[in-house]
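Asks: compute the structure for the input listed below.
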Amino acid sequence: MRSGLSPGAKAAALASVAAFVALYIALLPPVDALTYRGAGAIVTAVGLLAGLAVVPLLLGAPRSSLLLFVYVVAAAGVALPAAAAVAVTVAVSTASASGSPWAAPMARRWPPGR
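Replies: Residues are numbered from 1 along each chain as shown. Next comes the predicted model:
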């Protein structure tokens, strides 16, 4: 992570990435850890995964943190029914293209060297 982050922000960003990884692994097949709680738990987990992907960006982590959203879409494609997975893909793509608040920190640093 960038050295410009405060120690607290750096710790929070790293903690959110660690939580992201743990949840991502829980969403990989077989999703027994979540399935016994019902289909709603899987949908909630994918939503939480997306929320955790936002945290490092909001804390000022490098724009490479946007790559976490690739894993959100991948997890949705594996764990959700096709229609829901497509909806997640469209939502992530639309949000990143429209300059939504979670994409704003990245947009301020694009293009590189600006």
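Asks: does the nearest residue to Leu5 once chain neighbours are set aside lie in a helix or a strand, and which?
Replies: Closest residue in space to Leu5, ignoring its immediate chain neighbours: Gly60 at 5.6 Å, by C-beta to C-beta, 6 or more residues apart in numbering. (Glycine included, C-beta is placed from N, CA and C.) If you go by DSSP states H and E, Gly60 is not part of any helix or strand.
Asks: verify the contact between Gly60 and Ala12 for me.
Replies: No: contact criterion C-beta atoms under 8 Å: Gly60 and Ala12 do not qualify, at 10.4 Å.
Asks: number of residues surrounding the closest residue in space to Gly4 that isn't next to it in sequence?
Replies: In space, and not counting its chain neighbours, Gly4 is closest to Gly60: 7.1 Å by C-beta to C-beta, 6+ apart. Gly60 is flanked by 18 other residues according to other C-beta atoms under 10 Å.
Asks: the chain: helices as residue ranges?
Replies: 7-27, 32-35, 39-58, 68-79, 82-98, 104-107 (DSSP state H).
Asks: export these as a markdown table, with columns for mean pLDDT and mean neighbour count.
Replies: Listed next are the helices of the chain as a markdown table, based on pLDDT from 0 to 100; neighbours: other C-beta atoms under 10 Å:
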| stretch | mean pLDDT | mean neighbour count |
| --- | --- | --- |
| helix 7-27 | 93 | 16 |
| helix 32-35 | 81 | 14 |
| helix 39-58 | 91 | 19 |
| helix 68-79 | 94 | 20 |
| helix 82-98 | 89 | 14 |
| helix 104-107 | 50 | 14 |
